[in-house]
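K.L.:
Give me coordinates for this.
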Amino acid sequence: MGLTHITVALSNLRADRQAFEGEFLVDTGSIDCLAPAKALVAAGIDIEGKDVYELANGALVEYPYGFARVLFMGAETVGKVIFGPDDCEPLLGVVALESTGIGVDPVSHTLKRMAAKPLK
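P.N.:
This next block holds a predicted model:
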């Protein structure tokens with residue numbers, strides 16, 4: 001399966017600072033979004049706590065997280081964002097995808113908006 005990337009903007013909840021915008025890897029195996037800590041701090045996103053995450057290699061690491069406005073494909077949501085290492089590749093997690101009603105087409109490796117979000 002190929003990789004899917006998309007431009008995403010992360011801003012603080014007040015939207016009173018320049019957002020961090022970059023190419024994010026769409027990662028349906030990741031629950032939360034992840035971005036370089038330096039970029040999140042510059043965007044005015046506050047650290048709210050810490051959580052333990054499992055990396056692809058099975059290692060457990062503790063990272064700080066905060067809450068941000070997540071904007072992509074004309075859709076916006078608020079979600080948890082992990083303050084990752086400054087050299088990390090930004091990740092768009094599945095919670096942001098699902099909360100905006102956008103899914104990944106596994107054949108074309110593109111993102112598609114659902115006709116409607118299920119409430120059942």
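K.L.:
Each with direction, which strands does the biggest strand by length in the chain pair with?
P.N.:
Using DSSP state E to define each element, the chain has its longest strand at strand 60-72. Sheet pairing of strand 60-72 (DSSP bridges) gives strand 5-11 (antiparallel), strand 49-54 (antiparallel), strand 75-84 (antiparallel).
K.L.:
Kindly reformat those strands as CSV containing distance to Gly29 and mean neighbour count.
P.N.:
Every C-beta, even on glycine, is put in place using the N, C-alpha and C of the backbone. Below are these laid out as CSV (distance: least, CB to CB, whole Å; neighbours: other CB atoms under 10 Å):
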stretch, distance to Gly29, mean neighbour count
strand 5-11, 15, 18
strand 49-54, 10, 12
strand 75-84, 14, 19
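K.L.:
State whether Gly44 and Asn12 are indeed in contact, as I suppose.
P.N.:
Yes: in this structure, Gly44 is within contact of Asn12 by CB atoms under 8 Å, at 4.0 Å.
K.L.:
How about the contacts made by Phe83?
P.N.:
35, 37, 40-41, 47, 63-66 (CB atoms under 8 Å, 6 or more residues apart in numbering).
K.L.:
one step back: let me have the strands paired with strand 60-72 in a markdown table, extended by mean pLDDT and distance to Lys112.
P.N.:
Shown next, in a markdown table, are the strands paired with strand 60-72 (pLDDT from 0 to 100; distance: least, CB to CB, whole Å):
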| stretch | mean pLDDT | distance to Lys112 |
| --- | --- | --- |
| strand 5-11 | 97 | 12 |
| strand 49-54 | 97 | 28 |
| strand 75-84 | 97 | 12 |
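K.L.:
Please convert the ones you listed to TSV, extending it with distance to Val104.
P.N.:
TSV is the format used below for the strands paired with strand 60-72 (distance: least, CB to CB, whole Å):
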stretch	distance to Val104
strand 5-11	10
strand 49-54	21
strand 75-84	14
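K.L.:
Out of those strands, which gets nearest to Glu21?
P.N.:
Closest to Glu21 of the strands paired with strand 60-72 is strand 5-11 (CB to CB; 4.4 Å).
K.L.:
can you give me the offset of that closest one from its chain's centre?
P.N.:
Strand 5-11 has its C-alpha centroid displaced from the chain centroid by 8 Å (CA atoms, centre = their mean, to the nearest Å).
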